[in-house]
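>>> I'd like to go over a predicted model; first the sequence, then the structure.
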Amino acid sequence: MASTKVLAGILLAVSVLAACVRRPPHLVPPAGHVEAVEGYGSASIAGADASVKGKFGFVFRRPGLGRIEAVDPIGRTAFLIVVRGERAWFALPGRKVYAEDAAAVMMERFLGVALLPDEAVRLLSGIWGDGESGWSVEAGAGGHVDRGVCGEYSFTVLRYFPGDGVPREIALEGPGTSGRVKVLKLGFNPPPRDEVFAADFTRVFALKTWEEILELLDR
């Protein structure tokens, strides 16, 4: 998790990506299957080697697609994470470089918890079917997602949006790391946009190791 420490400097400079409502909206997941979620959130995660705080946009779609994007105060992308299946890419557009790794590894670097896109859809929608993924999930009084454990990782829903059990604030725990994610804005089943999950930057950006990425972030 030493890698997450460097991300803090970027995230602290992230501006609000949209005008966040002062009062949480009333959210009810669609009656059918939730295939995707899209919105904005804030992260505050800390540990022995981690310190992450800031806002980000996200899109997660089944099966195995994800995009997390942080922007600086003037609207430029500070960093970008794209997940496709078992692989993920972390890009620094300003440096024209990227790193590639396993999806779980890249998500852990950002959140402190190896939460994959399909699992993020289940968690953020509040709908987690029996036997889905390797997480052991507990339901709250209303039958909605309340807590989950997978090996050394765990999440606990602290608050819900008004409506029908959609998580608004989530506590995360990983090896030597703990923190919270707050969902500021959320939508269900946005229209499919394949270009959102494209990793076209790999054609023109230079491939770096994660250690080399960290060195660039330190400068």
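Okay, I see it.
>>> Three-state assignment for residue 25, please.
coil (DSSP: H, G, I helix; E, B strand; the rest coil).
>>> pLDDT wise, what is it at?
We have a pLDDT of 80 for residue 25.
>>> where are the low-confidence patches of this protein?
Low-confidence segments of the chain (pLDDT under 70): 1-22, 47-52, 73, 130-132, 218-219.
>>> ok, which stretches of it are strands?
In the chain, the segments counted as strands under DSSP state E are 36-47, 51-61, 65-71, 77-84, 87-92, 97-102, 136-139, 145-150, 153-160, 167-174, 177-188, 206-207.
>>> Redo those strands as a markdown table? Include distance to residue 217 and mean neighbour count.
From N, CA and C alone the C-beta is placed, and that goes for glycine too. Formatted as a markdown table, these follow (distance: least, C-beta to C-beta, whole Å; neighbours: other C-beta atoms under 10 Å):
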| stretch | distance to residue 217 | mean neighbour count |
| --- | --- | --- |
| strand 36-47 | 16 | 20 |
| strand 51-61 | 13 | 21 |
| strand 65-71 | 12 | 22 |
| strand 77-84 | 9 | 21 |
| strand 87-92 | 8 | 21 |
| strand 97-102 | 10 | 18 |
| strand 136-139 | 34 | 14 |
| strand 145-150 | 28 | 19 |
| strand 153-160 | 24 | 18 |
| strand 167-174 | 21 | 20 |
| strand 177-188 | 18 | 19 |
| strand 206-207 | 15 | 10 |
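>>> These: which one's closest to residue 197?
Residue 197 lies closest to strand 65-71 among the strands of the chain, at 4.6 Å (C-beta to C-beta).
>>> In terms of secondary structure, what does the closest one contact?
strand 51-61, strand 77-84, helix 103-111, helix 117-125 (3 or more C-beta pairs under 8 Å, 6 or more residues apart in numbering; DSSP states H and E).
>>> Convert it to PDB, retaining C-alpha atoms only.
What follows is strand 65-71, C-alpha atoms only, in PDB (Å, rounded to 0.1, in the frame of the first residue of the first chain):
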ATOM      1  CA  LEU A  65     -15.600  -2.800 -16.600                       C
ATOM      2  CA  GLY A  66     -14.600   0.200 -14.500                       C
ATOM      3  CA  ARG A  67     -13.300   3.800 -14.800                       C
ATOM      4  CA  ILE A  68     -12.200   6.100 -12.100                       C
ATOM      5  CA  GLU A  69     -11.100   9.700 -12.900                       C
ATOM      6  CA  ALA A  70      -9.800  12.500 -10.800                       C
ATOM      7  CA  VAL A  71      -9.500  16.000 -12.200                       C
END
